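K.L.:
Pasting the sequence and the predicted coordinates here, then a few questions.
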Protein chains: 2
Amino acid sequence: MDSTLAWVNGATTDHVVVGDRGFNYGHGLFETMRIAEGVAPLWPWHQRRLCADATVLGIEVDEQRLSQYLKQALAAAPAEGVLKLTLTAGNGGSGYRNAQSAADDTTYCLQFRALPAKRGPLRLQPCQYRLPDNPALAGIKHLNRLDQVMAARELSADHEGLLLDSEGAVIEALSNNLFCLLDGTWLTPNLSRCGVKGVMREYLRAEVFPALGLVVEEARFGLEDLARAEAVFVCNSVRGIEPVSSIVGCGEWSCIEAVESIRAQLNAQVPCFNC
Amino acid sequence: MDSTLAWVNGATTDHVVVGDRGFNYGHGLFETMRIAEGVAPLWPWHQRRLCADATVLGIEVDEQRLSQYLKQALAAAPAEGVLKLTLTAGNGGSGYRNAQSAADDTTYCLQFRALPAKRGPLRLQPCQYRLPDNPALAGIKHLNRLDQVMAARELSADHEGLLLDSEGAVIEALSNNLFCLLDGTWLTPNLSRCGVKGVMREYLRAEVFPALGLVVEEARFGLEDLARAEAVFVCNSVRGIEPVSSIVGCGEWSCIEAVESIRAQLNAQVPCFNC
């Protein structure tokens, strides 16, 4: 990562104040966006999610300013890569109560980084660390990510993490949402108790599966169900769709035809994910 | 807060890099320490807790460097006040996996602020927001503090928050641990599932209650138990012991004699808490 390619509240800088509520409490949100040909193709989806979740956390968003900062970063950054947008409740780290009164206080931080290297079908490793139930914050891509950090500490280098909840239900991969084809129906975990509702998950459900005439159901299922799935894939808004080739102690999948048709449809609609 | 009274890795600065894992994931810890006559009287307690919990989060601590930075801050800051020490896994915010290899990568951040204003007995308000169960991180004063931020959003200006777990057990106040005298025995909530094990809580249990010949038990109890308590107080390492005068919908306490004897003992052992 080129540390100079960062902007905070419109200034080209890679620093934030130590009093920022993002640094002190994780009082903020982030979006990790694929940049292609100098634009963020899924920006409306990121923006909608960000603004809705900011309200839950009591963070004011000035959409005009947000749009201006994004344009500034896109103009200065390479045409292909990843832009991480972090929004926090701003300076005021000396107590949990938020003294923020206006969108002027919000911190808008953008960081550019290069695209990650391409990789083949994923091998997932179920993590012993379990995602705690927290209905009030479930689904939100906030800055309290110690659950993911702790789960990641268990992983061997060539595996991605698979995260379960306290009762053993499958929730998501470490940085991805998960879909599986079970008994002829596509399922994705219900995220009302924990997990992150990724933009790509929402885009696939709203725009890609319907275009193929396919239905996706939100469901609660465990590793024993995944073990008999016909196909499994994960997705996020940086890498698009990635097929899963194995889950440790659970199963292996070699036929990824069912996944390829969905990936082809995504690529047709958003060409940058043609990876 | 004087924003210039801050130090990061020994440099006088109030900025951290945007790639810091504290800012991106809350991958870090903090200690909020009372400073009196130019020293931090409970430093050995803070240090022990910090180093133990850093290990859980996979953060390397260079104790020599930590001690040097603390000395530097104490020498430059006013003799009375509050020093907040934040320790993070350092720069490396582009993935949940921690690339940290050595204590050199750890971020050591110190922020000074003035003592908070004194206040009378506290009025507590039970929060609707519930602390999620998370045994793996329970007790640790880490940087993922959205639970406290969300709970604080409910509070009226003249109340402090009282936090319960998902089953309604009393856990702690927003920035304090809680003790109550019930049926002649001092109790404090068991924090094995959620909550923060504050340094003052540990100090009182190990050094103050025993000096008075009193026993404290860790217990699981609800508002209905607190309602019939003879006395309630909260504590932390900035304000020491503060009696509780009321809990909304639960009870009121005017006789604080039982609390005063414990406070007097604390003050005898650590005079700065004579507030």
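P.N.:
Yep, that arrived. Everything quoted here is computed from the prediction, not taken from an experiment.
K.L.:
Which residues does stretch A:41-55 contact?
P.N.:
Defining contact as Cβ atoms under 8 Å, 6 or more residues apart in numbering or on different chains, one finds that stretch A:41-55 is touched by A:29, A:31, A:33-34, A:40, A:60-61, A:63, A:66, A:70, A:85, A:87, A:139-142, A:197, A:199-200, A:202-203, A:237, A:270, A:272. For the C-beta atoms, the positions are set from N, CA and C on the backbone; glycine is no exception.
K.L.:
among these, which are in strands?
P.N.:
Here DSSP state E is the test, and those give A:29, A:31, A:33-34, A:85, A:87 as lying in strands.
K.L.:
Among those residues, which one sits closest to B:Leu5?
P.N.:
Using Cβ to Cβ, A:Leu87 is the member of the ones in strands among the contacts of stretch A:41-55 that lies nearest B:Leu5, at 26.9 Å.
K.L.:
Just give me the neighbour total for the residue lying closest to the closest one once chain neighbours are set aside.
P.N.:
Distances taken as Cβ to Cβ, 6 or more residues apart in numbering or on different chains place A:Leu29 nearest to A:Leu87, at 5.1 Å, with adjacent residues excluded. Residues near A:Leu29, counting by other Cβ atoms under 10 Å in any protein chain shown, number 24.
K.L.:
again, but for the one 5 residues further on
P.N.:
The criterion is other Cβ under 10 Å. On that basis, A:Arg34 has 25 neighbouring residues.
K.L.:
and if you look at A:Phe179?
P.N.:
Count around A:Phe179 with other Cβ under 10 Å applied: 25.
K.L.:
and the helix or strand encompassing it, which strands flank it?
P.N.:
In this assignment (DSSP states H and E), A:Phe179 forms part of strand A:177-182. Strand A:177-182 has its sheet partners listed here by DSSP bridges as strand A:185-189 (antiparallel), strand A:231-236 (antiparallel).
K.L.:
Please tell me how far the residue nearest the centre of chain A sits from A:Ser246.
P.N.:
What sits nearest the mean C-alpha location of chain A, by Cα atoms, centre = their mean, is A:Gly198, with 4.4 Å. Spatial separation of A:Gly198 from A:Ser246 under the definition Cβ to Cβ, to the nearest Å is 22 Å.
K.L.:
again with A:Arg34
P.N.:
The span separating A:Arg34 from A:Ser246 equals 26 Å under the rule Cβ to Cβ.
K.L.:
And for A:Glu217?
P.N.:
Between A:Glu217 and A:Ser246 the computed distance is 24 Å (Cβ to Cβ).
K.L.:
So between the two, which is more surrounded?
P.N.:
Using other Cβ under 10 Å as the criterion, A:Glu217 and A:Ser246 rank with A:Ser246 on top: 17 against 11.
K.L.:
beta partners for that one?
P.N.:
A:Arg123, A:Glu252.
K.L.:
Assess the claim that it and A:Ser254 are in contact.
P.N.:
No: with contacts defined as Cβ atoms under 8 Å, A:Ser246 does not count as touching A:Ser254, sitting 9.5 Å away.
K.L.:
where are the low-confidence patches of the stretch 101-250 of chain A?
P.N.:
Counting by pLDDT under 70, the stretch 101-250 of chain A has low-confidence residues at A:101-103.
K.L.:
ranges for the strands of it?
P.N.:
Ranges of strands within the stretch 101-250 of chain A are A:107-113, A:122-131, A:160-165, A:170-173, A:177-182, A:185-189, A:216-219, A:231-236, A:240-247, based on DSSP state E, counting those that start in this stretch.
K.L.:
Make TSV out of these and add distance to B:Leu223.
P.N.:
As requested, those are arranged in TSV below (distance: least, Cβ to Cβ, whole Å):
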stretch	distance to B:Leu223
strand A:107-113	37
strand A:122-131	28
strand A:160-165	28
strand A:170-173	32
strand A:177-182	38
strand A:185-189	34
strand A:216-219	35
strand A:231-236	42
strand A:240-247	44
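K.L.:
OK, contacts around the closest residue to A:Asp225 other than its chain neighbours?
P.N.:
Among residues not flanking A:Asp225 along the chain, A:Leu182 sits closest, at 6.2 Å (Cβ to Cβ, 6+ apart). Residues counted as contacts of A:Leu182 (Cβ under 8 Å, 6+ apart) are A:221, A:225-226, A:228-230.
K.L.:
Show me which of those residues are buried.
P.N.:
Buried residues within the contacts of A:Leu182, defined by neighbour count using 16 or more other Cβ atoms under 10 Å in any protein chain shown: A:221, A:225-226, A:229-230.
K.L.:
Which two among those residues are spaced furthest apart?
P.N.:
With Cβ to Cβ as the measure, no two of the buried ones among the contacts of A:Leu182 lie farther apart than A:Phe221 and A:Glu230, at 13.5 Å.
K.L.:
bridging residues for the spatially closest residue to A:His15 that is not a sequence neighbour?
P.N.:
Nearest in space to A:His15, with sequence neighbours left out and distances taken as Cβ to Cβ, 6+ apart, is B:His15 at 3.9 Å. In this entry, B:His15 is beta-bridged to A:Val17, by DSSP bridges.
K.L.:
now do A:Val82
P.N.:
Counting by DSSP bridges, A:Val82 is bridged to A:Arg34, A:Arg113.
K.L.:
and stretch A:180-189, how far from the chain's centre?
P.N.:
20 Å (Cα atoms, centre = their mean, to the nearest Å).
K.L.:
what sits against the nearest residue to A:Lys84 once chain neighbours are set aside?
P.N.:
Leaving aside its sequence neighbours, A:Lys84 sits nearest to A:Gln111 (Cβ to Cβ, 6+ apart; 4.6 Å). For A:Gln111, the set of contacting residues under the criterion of Cβ under 8 Å, 6+ apart consists of A:1, A:5-6, A:14, A:83-84, A:86, B:18-19, B:93.
K.L.:
So which of those residues sits lowest on pLDDT?
P.N.:
The member of the contacts of A:Gln111 with the lowest pLDDT is A:Met1, at 43.
K.L.:
And the contacts of stretch A:67-79?
P.N.:
Residues external to stretch A:67-79 that are found in contact with it (Cβ under 8 Å, 6+ apart): A:5, A:7, A:9-10, A:12, A:35-40, A:43, A:83, A:85, A:108, A:110, A:112, A:114.
K.L.:
List buried residues within the residues you listed.
P.N.:
Buried subset of these (neighbour count, 16+ other Cβ under 10 Å): A:5, A:7, A:35-36, A:40, A:43, A:83, A:85, A:108, A:110, A:112.
K.L.:
Return the set of buried residues in stretch A:237-248.
P.N.:
Applying 16+ other Cβ under 10 Å to stretch A:237-248 flags A:237-247 as buried.
K.L.:
ok, now stretch A:168-184?
P.N.:
Along stretch A:168-184, the positions that meet the burial threshold by neighbour count (16+ other Cβ under 10 Å) are A:169-182.
K.L.:
Likewise for stretch A:122-131?
P.N.:
Neighbour-count burial for stretch A:122-131 flags A:122-127, A:129-131 (criterion: 16+ other Cβ under 10 Å).
K.L.:
just how off-centre is stretch A:60-74 within its chain?
P.N.:
Put simply, stretch A:60-74 sits 20 Å off its chain's centre (Cα atoms, centre = their mean).
K.L.:
okay, it in PDB with CA atoms only?
P.N.:
Output in PDB follows, covering the C-alpha atoms of stretch A:60-74 (Å, rounded to 0.1, in the frame of the first residue of the first chain):
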ATOM      1  CA  GLU A  60     -24.200  12.500  10.500                       C
ATOM      2  CA  VAL A  61     -23.300  12.300   6.900                       C
ATOM      3  CA  ASP A  62     -23.000  15.300   4.500                       C
ATOM      4  CA  GLU A  63     -23.700  13.500   1.200                       C
ATOM      5  CA  GLN A  64     -22.400  16.400  -0.800                       C
ATOM      6  CA  ARG A  65     -19.100  16.400   1.000                       C
ATOM      7  CA  LEU A  66     -18.900  12.600   0.800                       C
ATOM      8  CA  SER A  67     -19.500  12.800  -3.000                       C
ATOM      9  CA  GLN A  68     -16.900  15.500  -3.300                       C
ATOM     10  CA  TYR A  69     -14.200  13.600  -1.300                       C
ATOM     11  CA  LEU A  70     -14.900  10.400  -3.300                       C
ATOM     12  CA  LYS A  71     -14.500  12.300  -6.600                       C
ATOM     13  CA  GLN A  72     -11.200  13.900  -5.400                       C
ATOM     14  CA  ALA A  73      -9.800  10.400  -4.500                       C
ATOM     15  CA  LEU A  74     -10.900   8.800  -7.700                       C
END
